[in-house]
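J.: Task: produce atomic coordinates for the following.
(2 chains)
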Amino acid sequence: MAQELTGAEMVIRALKDHGVRHIFGYPGGAVLPIYDALFQDDGIEHVLVRHEQGATHAAEGYARSTGKPGVVLVTSGPGATNAVTGLTDALMDSIPLVCITGQVPTHLIGNDAFQEADTVGITRPCTKHNWLVRDIRDLPRILHEAFYIATTGRPGPVVVDIPKDIQFKRGAYVGPSNIKHKTYQPRIKGDLKKIEQAVEMIAQAKRPIFYTGGGIINSGLLGSQLLREFVRTTGFPITSTLMGLGAYPASDRQWLGMLGMHGTYEANLAMHGCDLMIAIGSRFDDRVTGRLDAFSPNSRKIHVDIDASSINKNVRVDLGIVGDAAHVLEDMIRLWKAKQLKANGAALKAWWMQIEAWRARNCLAYKNTTDVIKPQFAVERLYELTRGRKTYISTEVGQHQMWAAQFYKFEEPHRWMTSGGLGTMGYGLPAAVGIQVAHPDALVVDIAGEASVQMTMQEISTAVQYELPIKIFILNNKYMGMVRQWQQLLHGGRYSHSYSEALPDFVKLAEAYGAVGIRATLPGELDAKIKEMIDVKRPVLFDCVVDQHENCYPMIPSGAAHNEMILGDAAGEPAVSEAGKVLV
Amino acid sequence: MTEQPKSAYFLVDTKTASIRKTFAVLVDNEAGVLARVIGLFAGRGYNIESLTVAEVDHLDHTSRITIVTSGTPEVLEQIKHQLERLIPVHKVIDLTEETPGIEREMALVKVSGQGEKRVEAMRLSEVFRARVIDTTHASFVFEVTGNQQKIDAFVELMKPLGLVEVSRTGVVAITRGAEAM
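T.: Reported below is the predicted structural model:
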């Protein structure tokens, strides 16, 4: 039976009907009726952030760590424009977000009213879809469609822009049963003929590699389980993108580590030298492929992706399969067994010998010291001291992010939250807030840099308010480290505006916010300080003062191929060609 | 093989030439749908040579957008997939390859002049089966229909005869035969 509700009540009701327990938001004039409805309802917990960008990243952290959609509630105008960075971030990394924005009343739209912005216009290119609700009769349907579109197919952010008068209007509320969309019908099952062809190619391969990405994480726990099963059945090596870490356990022998610009030597050379690449839920991003015309020149390529536009976008593949990673893997395993296929054991043995030789280069090696903390050492110690626990890691963007990806070993999916596609500095701290809201008993650590963390530092106040014991582990090298590294390698050591001047005292800053500040400056004291951080049941800013001049290796310079990567001990050589210098 | 720069961004593609293609896109006629399509082309750097749109089913509120674009075969494949990804899009068909289609465009062409030039303009319009839809002692407005090349040719011929203004609809297209899109 349809029930009569106000628009604002419909929003709250729809959130509950979709199982939403937590939302992240910030009130303002055009969204007050919804806040009023929220006040009179105790089914949903609202987390008040300090800036709307923080709300979007917190919702991303929440979504990525649970597999459920993250929900954001912000006001019109600046509330909506502040959310744009997080929406774009979620679009690039395929994170399901439902963002509800207030809008000025319908009769004022287009009048340059106070706090008016063309929210649907601004967010059109940074959402999977968006709506401006002009009629109360459309509101229930749009709210349900919003959740459906955000969470199905290739997930992504959606915006529902609701004018204030619509929030007050009364109308009939209809529940979310039987959501069908006229035009949006994502393809989940892959074409069986093609999957059959794929398993035949896999059985014939001599130098195969699995190259997986965030699509496995998005296909749920089942996706990771099936991937593990199939990789172990075949005995093939596996590498993954930044977004795909955790889908396959890092402690496993078949795991080669992350690939790409700062990926491992063995992963990149195996990609370069393979004869069959099995890409699942990864999108051949430029950070992965390096120089395109020299990318894995002698391989046949299978690409499984839920988004047809990802196939053949950057790299031509021999066999493209549109479908959800878990469903396609399930069919692959079934057909592999039914046809009693076996991997080419002799060829595979030789391929593994080659890979082991590459692995023996120990590409992540660094020179440790006793007088200054190496950032790699800090991440290694953090890993060792947290490994037994239920730990979730988020990061900001830069060198520390790459060191975290290289040195923190992820065994499970949904434990690693990072801004991959957009590379948003300031992502990690609010993301940690969202993760801790979803997992109150877990250890949540944001591996941060001192520059990134200052972009959304105010959210530590949110953590204090809601007693979220997040740990902000700052690798403080007093530089925007990745910028400095590129300036050293590409711009003749001219460090233009990359020095972190006038840094706050992070320990005092933490105390000012009502959090706990800890500082470590010597390798010898690191373990004790990290343990102290873990044991404190309050938010912590950990100022880990590290070597200022450490560079992140291995590195494929821009415009270079996988087999032209440079390793740590080659740091002095000119790394990048003239043409490569203009790349990002 | 010529020396290529180190960076893939600077590779000169010598093999794939740009080709012209017409897509018909059936969409829900909802607010902002055209902006989504145009924004997609602008944001991803695709060409629009011609774009026409009108509601074709007033009960279902579906509109048909005809887009003439150009690019390498890879880019054209991307365009099709990217269009299909837009939520209000029902269907995208390629009217140049899989199902060769018929294209037409209409133009209103204003020509002013007197004497011999005016007679010549009138005579040429008959060759092109253009209709006169407005006239004064010193001007004609012609309505001419055909493919783009025909309209181009007509406009070109009118230039020395006193062409003052042209308004074109852009291309509309449909498949041949009994099948619907």
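
J.: Only C-alpha atoms from now on, for both contacts and neighbour counts.
T.: Will do.

J.: got the contact list for the residue nearest the centre of chain A?
T.: Centroid check for chain A by Cα atoms, centre = their mean gives A:T418 as the closest residue, at 4.0 Å. Under the criterion of Cα atoms under 8 Å, 6 or more residues apart in numbering or on different chains, the neighbours of A:T418 are A:M243, A:S394, A:T395, A:E396, A:V397, A:Q401, A:Y427, A:G428.

J.: Apply 6 Å and report the result again.
T.: Residues counted as contacts of A:T418 (Cα atoms under 6 Å, 6 or more residues apart in numbering or on different chains) are A:S394, A:T395.

J.: Next, give phi and psi for it.
T.: phi -150, psi 160 (degrees, to the nearest 10).

J.: for chain B, what are the nearby residues on the stretch 301-450 of chain A?
T.: Contact residues, the stretch 301-450 of chain A versus chain B (Cα under 6 Å from any Cα of the partner chain): A:S309.

J.: ranges for the strands of chain B?
T.: Under the criterion DSSP state E, strands of chain B are mapped to B:19-28, B:50-57, B:62-71, B:89-94, B:101-112, B:131-136, B:139-146, B:163-168, B:172-175.

J.: likewise the stretch 151-300 of chain A?
T.: Using DSSP state E, counting those that start in this stretch, the strands found in the stretch 151-300 of chain A span residues A:157-163, A:170-173, A:208-212, A:238-240, A:255-258, A:276-280, A:300-305.

J.: Can I get those strands in JSON lines including mean neighbour count and mean pLDDT?
T.: Listed next are those as JSON lines, based on neighbours: other Cα atoms under 10 Å in any protein chain shown; pLDDT from 0 to 100:
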{"stretch": "strand A:157-163", "mean neighbour count": "28", "mean pLDDT": "98"}
{"stretch": "strand A:170-173", "mean neighbour count": "20", "mean pLDDT": "98"}
{"stretch": "strand A:208-212", "mean neighbour count": "27", "mean pLDDT": "98"}
{"stretch": "strand A:238-240", "mean neighbour count": "28", "mean pLDDT": "98"}
{"stretch": "strand A:255-258", "mean neighbour count": "24", "mean pLDDT": "98"}
{"stretch": "strand A:276-280", "mean neighbour count": "24", "mean pLDDT": "98"}
{"stretch": "strand A:300-305", "mean neighbour count": "25", "mean pLDDT": "98"}
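
J.: Distance of A:V315 relative to B:R20?
T.: In this view, A:V315 and B:R20 are 22 Å apart by Cα to Cα, to the nearest Å.

J.: quick one: which of the two has more around it?
T.: The neighbour comparison of A:V315 against B:R20 (other Cα atoms under 10 Å in any protein chain shown) goes to A:V315, with 19 against 14.

J.: Chain neighbours aside, what residue packs nearest to the more buried one?
T.: What sits nearest to A:V315 in space, not counting adjacent residues and going by Cα to Cα, 6 or more residues apart in numbering or on different chains, is A:F284, at 6.8 Å.

J.: burial of the one you found, as a residue count?
T.: 23.

J.: Look up phi and psi at it.
T.: phi 50, psi 50.

J.: A:S394 now?
T.: phi -120, psi 170.

J.: which residues touch it?
T.: A:W416, A:M417, A:T418, A:G428, A:D446.

J.: From A:T391, how far out is the second one?
T.: Between A:M417 and A:T391 the distance, using Cα to Cα, works out to 11 Å.

J.: Those two - which one has more neighbours?
T.: Neighbour count, other Cα under 10 Å: between A:M417 and A:T391, A:M417 has more, with 27 against 17.

J.: Just the pLDDT for the more buried one.
T.: pLDDT, A:M417: 98.

J.: Likewise for A:S310?
T.: pLDDT at A:S310 comes out at 97.

J.: and what of A:V582?
T.: Reported pLDDT for A:V582: 64.

J.: Tell me which stretches of the stretch 1-150 of chain A form helices.
T.: A:7-17, A:32-39, A:52-66, A:78-82, A:84-92, A:119-123, A:139-151 (DSSP state H, counting those that start in this stretch).

J.: Please identify the most buried of these.
T.: helix A:52-66 (a mean of 31; mean count of other Cα atoms under 10 Å in any protein chain shown).

J.: other SSEs contacting that helix?
T.: With contacts taken as 3 or more Cα pairs under 6 Å, 6 or more residues apart in numbering or on different chains; DSSP states H and E, helix A:52-66 sits against strand A:70-74, helix A:84-92, helix A:428-438.

J.: Pull the residues that contact that helix.
T.: Taking Cα under 6 Å, 6+ apart as the rule, helix A:52-66 contacts A:24-25, A:49, A:69-71, A:82-83, A:86, A:414, A:427, A:430-431, A:433-435, A:438.

J.: Nearest spatial neighbour of A:S461, chain-adjacent residues omitted?
T.: With Cα to Cα, 6+ apart, the residue lying closest to A:S461 is A:Y513, at 6.0 Å.

J.: What about the one you found, how many residues nearby?
T.: Neighbour number of A:Y513 under other Cα under 10 Å is 18.

J.: per-residue confidence for it?
T.: pLDDT, A:Y513: 98.

J.: Flag the shaky bits of chain B, pLDDT-wise.
T.: By pLDDT under 70, the low-scoring segments of chain B are B:1-15, B:97-99.

J.: how does it divide up, domain by domain?
T.: B:16-99, B:102-175 (automatic domain parsing).

J.: Compare those and report which one is nearest to chain A.
T.: domain B:16-99 (4.9 Å; Cα to the nearest Cα).

J.: anything in the closest one near chain A?
T.: Yes: counting by Cα under 6 Å from any Cα, chain A is contacted by domain B:16-99 at B:H81, B:Q82, B:I87, B:P88, B:H90.

J.: right, and the pair among those with maximum separation?
T.: B:H81 and B:P88 (13.7 Å; Cα to Cα).

J.: the more surrounded of the two?
T.: Legend: neighbour count by other Cα under 10 Å for B:H81 and B:P88, higher for B:P88 (22 against 18).

J.: Endpoint to endpoint, stretch A:39-55 covers what distance?
T.: Termini of stretch A:39-55 sit 19 Å apart (Cα to Cα).

J.: which parts of it are buried?
T.: A:I44, A:H46, A:V47, A:L48, A:V49, A:R50, A:H51, A:E52, A:Q53, A:G54, A:A55 (16 or more other Cα atoms under 10 Å in any protein chain shown).
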